[in-house]
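Novice: Would you be able to build a 3D model of this:
(2 chains)
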Number of protein chains: 2
Amino acid sequence: MKLKVKKINFAGNKRDVILSPEDALKIGQKAGERIIIKNIDAKSIEDKYWHAIVQIDYSNALVKPGEIGIFIDLLNEKEDLKEDSFVSVKPVEPPDSFTFVQKKIRGGKLTSEEITSIINDAVAGSLSKIDLAAFITAVSINGMDNDEITSLTIAEAKSGEIFDFGPNVFDKHSTGGVPGNKVSLIIVPIVAAAGLLIPKTSTRAITSPSGTADSMETLAPVSFNSDELKKIISKEKACIAWGGALDIAPADNILIEIERPLHMDPIGLMIPSILAKKLSMGVKKLVLDIPVGQGTKFPKVEDGHQFALRFKEIAKKVGIQAECALTLAHQPIGHTVGPAIEAMEALNLLIDYSAGPNSLIEKSTSLAGILLEMGGKAERGQGQTLAKEILRSGKAYEKMRGIIETQGGNPDIKPSDIKLGPYKKEFYSSKSGHITEVNNAIINKIAKAAGCPGSKTAGVELFKKQGARITEGDLIFRIYSDSQSKLKKAEKIYNSTGGPIILGGMMIERI
Amino acid sequence: MKLKVKKINFAGNKRDVILSPEDALKIGQKAGERIIIKNIDAKSIEDKYWHAIVQIDYSNALVKPGEIGIFIDLLNEKEDLKEDSFVSVKPVEPPDSFTFVQKKIRGGKLTSEEITSIINDAVAGSLSKIDLAAFITAVSINGMDNDEITSLTIAEAKSGEIFDFGPNVFDKHSTGGVPGNKVSLIIVPIVAAAGLLIPKTSTRAITSPSGTADSMETLAPVSFNSDELKKIISKEKACIAWGGALDIAPADNILIEIERPLHMDPIGLMIPSILAKKLSMGVKKLVLDIPVGQGTKFPKVEDGHQFALRFKEIAKKVGIQAECALTLAHQPIGHTVGPAIEAMEALNLLIDYSAGPNSLIEKSTSLAGILLEMGGKAERGQGQTLAKEILRSGKAYEKMRGIIETQGGNPDIKPSDIKLGPYKKEFYSSKSGHITEVNNAIINKIAKAAGCPGSKTAGVELFKKQGARITEGDLIFRIYSDSQSKLKKAEKIYNSTGGPIILGGMMIERI
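Specialist: Numbering: from 1, shown residues only, chains lettered A, B, ... in the order given. Alright, predicted model coming up:
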C-alpha cells in the first residue's frame, strides 16, 4: 500500500508511525503490530527499508486515510524522506527477538545470541516498550542465570562506544540508597594521586536528592563528548564526568526507561546495568560499594552478601576484577545532602583533613584503600592507611584541583565560593537526649521538597548524628532552598514528621 | 509548578502529558512517572484535578520550559481547559493499583478489591500501558486462581454498560481458530425461531480472515448504540451485532490492546474476556464452542477439556450456566472463508437445507441443540434433532429475514445478490487421489493476502475437503479478491505452498 508522508510535529517514539484505522485494517495490522516501510527515493539501504510499529489515530485529527504519520525526529534523521512524498508499507511479523522475549516469559534460558538479538532490537526500536516491559517483568519473575547475565552485560556494552584506556583501569561504583554519599569526590582524587587511572563516570540523581555528577557540576563542567573525555583522562589519568553525555551502553538506558516507572530493578538487569557501563569505560578493576539496610536495595545484610558474590563472579566472566564492600547505610555519610552542599563538604575535607567529617573520611579511604591494594600501591590491609596519608598530605586535593581545571572549572574554588540557598531555615532541639536514630527517608523527603536535585543550591545539613548527645536548644538541622515556597514545603515535612533526628529517652505515649 | 497549556494536535494517550526535560527535572519526575494536574478554572471536581503520566520532549519541538503539552482528545473532553491557560502540577506516587500489579508480579494472590482497583485504573488511564504489560506478563507467568478470574470477570463487566434482558437470555461463543466458522449465522436464527432470547454480539476478525460481525455486515448493518440494540432485541428476541460499537466491558478492550501485540492470551485473561462480555449482555445460559487441534488455542484435546471444566466453574460463579463443546478444527467449516462468501454460504443453507454443506449443518445444529435443551425446548439428547427441524422447516430462515430487516438490511437478499471478487482465480488438481489433509494455515494466509477481512468481497472457496476423491483436472480451489495485485499475491502463496489441499498417495520425493 502506498501512503503519503505526513509530518508529526511531536517528539514521539521514532519507531512508531501513525495510520488511519481504515488503512490499518486494509494492511491487516492493529495498534502495536509491525510494518515494513519502503522509501524508493532513499539512497542507502538503511534509509530505504525500515520496520515501524503501527499506532492508530482513531480521531482522524492527525492522519487521514492514505496518509502515514511519521514523527519529526525520524524525518530529521532520514534525509531522503520528505513530507508529502510517498512510501509503501506492508505488514511484517515480529522480529526473532520477540520470540526470545516469549521464551523468557515461558521460563526458558536464553542463549547469548538470543540476548544479543533482544538488545539489538531494543536499540533499533523494533521491540516496542510493551515488548520490553514484558521482557523485564519476565526477568523479574523467572530470573536469569549467570550465563544469561553475562551475555546481557556484554550485549549492553556492545550497544554503544567502548573506550580503551589500557590494561590498568580502576573504578568505584555504588549500588546506592544512602544519602549524602559524596565519597567519589574523595576517592577519585586519592586513587589518581597514587598514580592509578580512574575514569569515573556517574549518573545524575534518579530518585535521590543528589548524584555524584550533580555535585561535581558545582565545581566544574561534567558533560563531555568522547573526544573531550579522552583528552581529560590522558592529561589527568582521572575524571569525574556525567555518563549520560556519552554513548556508553545505550541499551541499558532503554531498559532503565521501562524499569523505572515499573519500580523494578531485578538482579538480572541490575548487574548488567553496572558492569556494561564499566566495560564500556574499559574498566579492569572495580570496587563496589554495597550499602545495606533499610532504604537501600538490600534491606538484609545477607541479600547484599549474596549479591556481592554473584556480582564478583559475573564481573570475572566479563574480564573485570571486582571487590565488594558492604557498608552501613543507617544515616547519611557526612553531614550534608544536596548537590552543592555535598561538593562543599567534600572540598572542605580535601583541603583540610582535620575538618572531617569522620564518616566521610572512613568510608572514602576504606574504598579507596581497596583500589590501592588492587593496584599494587599498598599491601593487603594497608590500603586505607595509604589512602588516609594521600588525603591528609594534600596530594588528593592537588589532584582534585587538576581534575577541576582540566574539566574546565576554577581550581582555586573555595568551599565558601559555593552558593547555597539563598533561603534557609534552622531547627533547634526541643529536648535533651542522645540521638538514637537518623531517618534517611525523612531527610530525602525534605531535601527533595527543598528543590534537590533540580536546584543545585538546595540541600540539608545535619549538625549531629547517631550517638551524639543533644541539649535542648542545640542547632540540629538546617534546610537550604532556592525558593521561599519550596522552603515552606520542606519545613512542613520537618514539622509534620518531627524531623529526621530522633532522640532516645523520650516518652512516646503515657496512658 | 505553574505551566502553560499547549495543545498537542495528536491523538495520543489522553492520560499522557508532555513536559520539557527542564520542568520534569524540577518536578522530580521522569518519563512514565505521574503528576497530578490542577485546573483552578474548572467547575467540576473531576475537571479540576486529574492524574497524568509524564512524557518528556527531549527535542524541544513540542513544548518549551514553562509549557505542558496536552493531547487534543483531552482538551476536547475537558471544556474548562483552554490552550494558553495555566495549570499547576505536582508529582504523585503511583496509585494503589500499581502496588497490586507488583503483588501479582511477586506471585501473590489478588483480592477482589485489588483486581477491581487495577481494572478501574486501567480504564481511568492511571495505569500506563507499560504497567498493564507488566500485569499481563505476570498473569501469564504466575497464573490466576478461580477466585481471581471470577473477580476479574466481574470487574471487567462493571467497567461498562450492563444490559438486562430478563432471566432467560441465551448465547453462543467460540474460542476460535477454525476458518469459515460461520455457525452463528445459523445458530442464532434457529434458537430465536424456537422462542429463546439470544442477543448475539460478536467481534470483527482480529487475526482471522473473517469474524461473524464482518460476515453479517454484508447482509445488514451491525453497528448499533445501546438504545438501538434494545429496540432490535425487544422486537426480534435476537440480534447479530458488532460488540465493538457498544460500551460493554471496555476494560477488556484495554487489556486486549496490550495482549494482542504481545501474542499473549493467558487463561486468566481469556475467561474473563469471554464472560465479562456475556455478563454485560445479561446472558444467563451459554454454549461455548471450543475448537481443538492445530492452529487453535488448544492444540491438545486435553487442554481444551481442562479449559472447559474451568470455564464452566467460573461461569457458574458469575451466574452463567455454561455448557462447552469441544469441536473439530482440522479443516474449515463448510467450503468458504471470507466475510461475504461466508454470509452467502450461510444464507444458502438457511434458504435450502439440501444445499448443505454437511459440516455447517452438523456443527450449527449440535451447538444450537445444546441451547434448545438448556432452554427446555428439547429433552436432553433431542436438541440437535429439533434444531435440524427448525432449520429444514424454513423457520430459521424466516427468523433471519426478521433479524436482517430489523437491523436495517434487505430481508429479500439472495445469495446471488452478495458481491464477491471481482477478481478471481481457479485452481485445478494436477493429480488424482484422496484428500488426506486441508491446511488451515495456508487457507488463512491466502484469504488474508486476497484482502480479507479488510475487503469484504475477498475470500476463498474449497470445492473438496478431507476424504474426498479427486481426479486430475478437478476444480479444487478458488480465490476472490478486490484487487488484481492482491490476487497475484494470494496466487503466489498458493503456488509456493502447493495450496491447502493435500492429496494422499502422492510421492513427495524420489532420489
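Novice: Could you pick out the residues of the stretch 251-400 of chain A near chain B for me?
Specialist: Taking Cβ under 8 Å from any Cβ of the partner chain as the measure of proximity, the stretch 251-400 of chain A contacts chain B at A:257-258, A:260-264. Using the backbone N, CA and C atoms, a C-beta is placed for each residue, glycine as well.
Novice: hmm, try it at 6 Å
Specialist: Residues of the stretch 251-400 of chain A lying close to chain B by Cβ under 6 Å from any Cβ of the partner chain are A:260-262.
Novice: out of those residues, who's nearest chain B?
Specialist: The shortest approach to chain B among those belongs to A:P261, at 3.0 Å (Cβ to the nearest Cβ).
Novice: what's around the closest one, how many residues?
Specialist: Around A:P261 there are 22 other residues, counting by other Cβ atoms under 10 Å in any protein chain shown.
Novice: on that earlier part again, show me the residues of the stretch 251-400 of chain A next to chain B that map onto helices.
Specialist: Those of those mapping onto helices are A:260-262, per DSSP state H.
Novice: returning to that earlier point: output the residues of the stretch 251-400 of chain A next to chain B in a markdown table; the columns should cover pLDDT.
Specialist: Converted to a markdown table, these look like this (pLDDT from 0 to 100):
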| residue | pLDDT |
| --- | --- |
| A:R260 | 84 |
| A:P261 | 84 |
| A:L262 | 89 |
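Novice: Output the residues you listed as JSON lines; include the columns distance to B:T406.
Specialist: Putting those into JSON lines (distance: Cβ to Cβ, whole Å) gives the following:
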{"residue": "A:R260", "distance to B:T406": "54"}
{"residue": "A:P261", "distance to B:T406": "49"}
{"residue": "A:L262", "distance to B:T406": "49"}
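Novice: Next, count neighbours for the closest residue to chain B within the stretch 351-500 of chain A.
Specialist: Closest to chain B within the stretch 351-500 of chain A is A:G454: 4.2 Å, counting by Cβ to the nearest Cβ. Close neighbours of A:G454, defined as other Cβ under 10 Å, add up to 20.
Novice: ok so, going back, out of the ones in helices among the residues of the stretch 251-400 of chain A next to chain B, which comes closest to B:R469?
Specialist: Nearest to B:R469 out of these is A:L262 (Cβ to Cβ; 59.6 Å).
Novice: where does the closest residue to that closest one other than its chain neighbours fall, helix, sheet strand or coil?
Specialist: Using Cβ to Cβ, 6 or more residues apart in numbering or on different chains and skipping residues adjacent in sequence, the residue nearest A:L262 is B:A134, 5.5 Å away. Under DSSP: H, G, I helix; E, B strand; the rest coil, the three-state class of B:A134 is helix.
Novice: Give me the distance from the host helix or strand of A:K399 to the chain's centre.
Specialist: Assigned by DSSP states H and E, A:K399 falls within helix A:395-406. Computed by Cα atoms, centre = their mean, to the nearest Å, the chain-centroid distance of helix A:395-406 equals 24 Å.
Novice: now stretch A:366-385
Specialist: On Cα atoms, centre = their mean, the centre of stretch A:366-385 falls 26 Å from that of its chain.
Novice: need the residues of the stretch 51-200 of chain A near chain B, please.
Specialist: By Cβ under 6 Å from any Cβ, the part of the stretch 51-200 of chain A that sits against chain B consists of A:57, A:59, A:61-62, A:72, A:105, A:129-130, A:133-134, A:137-138, A:140-141.
Novice: Tell me which residue is most central in chain A.
Specialist: For chain A, A:T203 is the residue whose C-alpha lies nearest the centre (Cα atoms, centre = their mean; 3.9 Å).
Novice: Could you list which residues are in contact with that one?
Specialist: A:G211 (Cβ atoms under 6 Å, 6 or more residues apart in numbering or on different chains).
Novice: hmm, 8 Å instead?
Specialist: Residues in contact with A:T203 (Cβ atoms under 8 Å, 6 or more residues apart in numbering or on different chains) are A:211-213, A:242-244.
Novice: Most neighbours among these, please name it.
Specialist: When neighbours are counted by other Cβ under 10 Å, A:T212 leads the contacts of A:T203 with 30 neighbours.
Novice: is the nearest residue to that residue once chain neighbours are set aside in a bridge, and if so with what?
Specialist: Using Cβ to Cβ, 6+ apart and skipping the chain neighbours, the partner closest in space to A:T212 is A:S202 (3.8 Å). Taking DSSP bridges as the rule, A:S202 bridges to A:W242.
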